[in-house]
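**Q** Below is the sequence, then the predicted model.
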Amino acid sequence: MTASSALPLSRERAVGIEAVLRASRLCQAVFARLAQAQTVTKADLSPVTVADYGAQAVVNALLHAEFPSDPIVGEEDAADLRADARLAASVVELTNSVQPAGAAAMSSDDVLAAIDLGQYAGGKTGRFWTLDPIDGTKGFLRGEQYAVCLALVVDGVVQLAVQGCPNLPHDLAHPEEGRGSLFIAVRGQGAFERHFDSADERRISVSGVSSASETQFCESVEAAHSSQSDTAQIADRLGITRPPVRMDSQCKYAVIARGDAGIYLRVPTRADYQEKIWDHAGGSLLVEEAGGSICDVTGKPLDFSLGRTLKGNKGIIATNGRIHARVVEAVRSVLRL
Ligand SMILES: Nc1ncnc2c1ncn2[C@@H]1O[C@H](COP(=O)(O)O)[C@@H](O)[C@H]1OP(=O)(O)O
Ligand SMILES: [Mg+2]
Ligand SMILES: [Mg+2]
Ligand SMILES: [Mg+2]
């Protein structure tokens with residue numbers, strides 16, 4: 001099933017899908033030659049590859065061509081590329097490799113300018129896009145899960161999500177049967193999944209379990225991103241006996257939205273870490289439109305209107321909805337909130 005073009009945000013939805021598919025193709029092409037991929041270290045020590053820059057260039061360029069007055073809150077900026085001509089040349093080559101046949105090649109200046117379109121400050125009025133060109137760079141580098149995450153925020157509320165998950169199995173129990181899914185949601189229109197090799201969409205919904213003990217929970221692979229000792233205690237308190245599903249990136253939100261697991265926990269490891277809006281905007285809408293619930297570890301709704309970070313929130317609890325109150329109670333009790 002494909003959403004009708006008469007529905008709200010149908011053009012944004014179609015452009016978002018094209019942008020995320022192009023960026024996902026670029027990332028897969030880079031991974032195929034990852035042995036040679038250049039990586040640099042940003043000030044925050046996170047790995048960033050030519051694919052992160054290239055994917056941001058591709059998405060921003062298409063958004064800017066189609067919606068020239070929409071600002072973009074993107075994770076990356078081109079400062080390091082301006083200081084490294086060899087790295088910049090790789091990104092320009094990659095960006096042009098996924099432009100449609102017949103499109104004029106982008107110059108180095110065009111590519112750097114496209115990346116730098118992502119520096120908008122966000123806020124509570126008007127509409128803007130938010131982009132994580134590769135969420136889960138560490139998963140990408142390991143050949144595991146990562147996601148290209150795009151969302152549209154209007155007056156502080158997420159209205160559209162398009163998330164590409166190139167390595168996500170279509171069926172977690174049968175990874176050999178195919179990988180690569182796109183997840184799409186528009187507020188009020190439901191959540192959908194399509195495989196990378198087909199335009200057919202299917203509506204997805206959260207798991208129907210009504211007891212937390214019957215489900216599995218997912219969390220980060222990286223212990224520095226979410227406290228695995230706290231989540232083990234929370235799981236224990238909820239009577240969950242199955243091991244956690246550890247996965248990088250916003251693929252965790254897709255897995256909740258599709259009903260593969262019932263709970264996603266992200267428990268702060270540091271009091272001063274502010275979650276970024278591009279790490280949660282799209283994923284939160286996917287979960288809500290699939291019938292689930294989301295809030296922070298104190299039970300507060302996520303507030304995407306405060307700029308580039310979720311500075312009013314701490315951590316994340318996303319569930320299938322039916323077990324939400326019980327999970328929030330267990331998290332608050334273990335964290336003494
Ligand atoms: N201390 C931290 N706590 C929570 N998330 C973090 C922390 N440090 C980095 N991140 C972010 O976690 C995300 C990946 O999370 P996951 O573990 O779910 O795959 C990345 O976007 C990464 O941001 P960044 O892109 O700035 O490195
Ligand atoms: Mg990063
Ligand atoms: Mg991220
Ligand atoms: Mg990223």
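**A** Received, thanks. Everything numeric in this text was worked out from a predicted model, so none of it was measured. Ligands and ions are numbered 1, 2, ... in the order given.

**Q** Spell out which residues of the protein are next to ligand 1.
**A** 44, 46, 135-136, 220, 222, 224-225, 248-249, 269-270, 273, 279 (C-beta under 6 Å from any ligand atom). C-beta: built from backbone N, CA, C; applies to glycine.

**Q** how near is residue 326 to residue 214?
**A** Applying C-beta to C-beta, to the nearest Å, the value for residue 326 to residue 214 is 12 Å.

**Q** Which strands and helices lie in contact with the top helix by length along the chain?
**A** Ordering each helix of the chain by length in residues (DSSP state H) puts helix 10-32 first. Judged by 3 or more C-beta pairs under 8 Å, 6 or more residues apart in numbering; DSSP states H and E, the packing partners of helix 10-32 are helix 50-66, helix 85-97, strand 147-154, strand 157-169, strand 179-186.

**Q** beta partners for residue 135?
**A** Taking DSSP bridges as the rule, residue 135 bridges to residue 147.

**Q** Touching, it and residue 249? I think so.
**A** Yes. Counting by C-beta atoms under 8 Å, residue 135 touches residue 249, with 4.5 Å between them.

**Q** Common neighbours of these two, please.
**A** Taking C-beta atoms under 8 Å, 6 or more residues apart in numbering as the contact rule, residue 135 and residue 249 both touch 146-147, 149.

**Q** Wait, residue 61 touches residue 104, no?
**A** No. Between residue 61 and residue 104 there is no contact under C-beta under 8 Å: 11.2 Å.

**Q** Looking at these two, which one has more neighbours?
**A** A count of neighbours by other C-beta atoms under 10 Å puts residue 61 above the other of residue 61 and residue 104, at 22 against 8.

**Q** From ligand 1, how far off is that one?
**A** Distance of residue 61 to ligand 1, given as C-beta to the nearest ligand atom, to the nearest Å: 21 Å.

**Q** mind listing what that residue touches?
**A** Shown in contact with residue 61 (C-beta under 8 Å, 6+ apart): 95, 106, 110-111, 114.

**Q** Show me those residues that map onto helices.
**A** Judged by DSSP H, the contacts of residue 61 include 95, 110-111, 114 as members of helices.

**Q** got the CA coordinates for stretch 268-284 in PDB?
**A** Extracted in PDB, the C-alpha atoms of stretch 268-284 (Å, rounded to 0.1, in the frame of the first residue of the first chain):
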ATOM      1  CA  PRO A 268      22.100   8.000  30.800                       C
ATOM      2  CA  THR A 269      25.700   7.100  31.700                       C
ATOM      3  CA  ARG A 270      26.700  10.700  32.400                       C
ATOM      4  CA  ALA A 271      24.600  13.500  33.900                       C
ATOM      5  CA  ASP A 272      25.900  16.100  31.400                       C
ATOM      6  CA  TYR A 273      25.000  14.300  28.100                       C
ATOM      7  CA  GLN A 274      22.300  16.000  26.100                       C
ATOM      8  CA  GLU A 275      20.700  13.700  23.500                       C
ATOM      9  CA  LYS A 276      20.600  15.200  20.000                       C
ATOM     10  CA  ILE A 277      17.300  15.800  18.200                       C
ATOM     11  CA  TRP A 278      18.500  13.900  15.100                       C
ATOM     12  CA  ASP A 279      19.100  10.800  17.200                       C
ATOM     13  CA  HIS A 280      15.400  10.500  18.300                       C
ATOM     14  CA  ALA A 281      13.100  12.600  16.200                       C
ATOM     15  CA  GLY A 282      12.300  10.100  13.400                       C
ATOM     16  CA  GLY A 283      12.400   7.100  15.700                       C
ATOM     17  CA  SER A 284      10.000   8.600  18.200                       C
END
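
**Q** can you pull the buried residues of it?
**A** Neighbour counts over stretch 268-284 (16 or more other C-beta atoms under 10 Å) mark 268-269, 275-284 as buried.

**Q** Return the per-residue confidence for the closest residue to ligand 1 within the stretch 101-250 of the chain.
**A** Proximity to ligand 1, evaluated over the stretch 101-250 of the chain using C-beta to the nearest ligand atom, is greatest for residue 220 at 3.1 Å. Residue 220 is assigned 98 on the pLDDT scale.

**Q** and what of residue 285?
**A** 99.

**Q** Tell me how many other residues surround it.
**A** For residue 285, the number of neighbouring residues by other C-beta under 10 Å comes to 30.

**Q** do the same with the one 3 residues further on
**A** Neighbourhood size, residue 288 [other C-beta under 10 Å]: 20.
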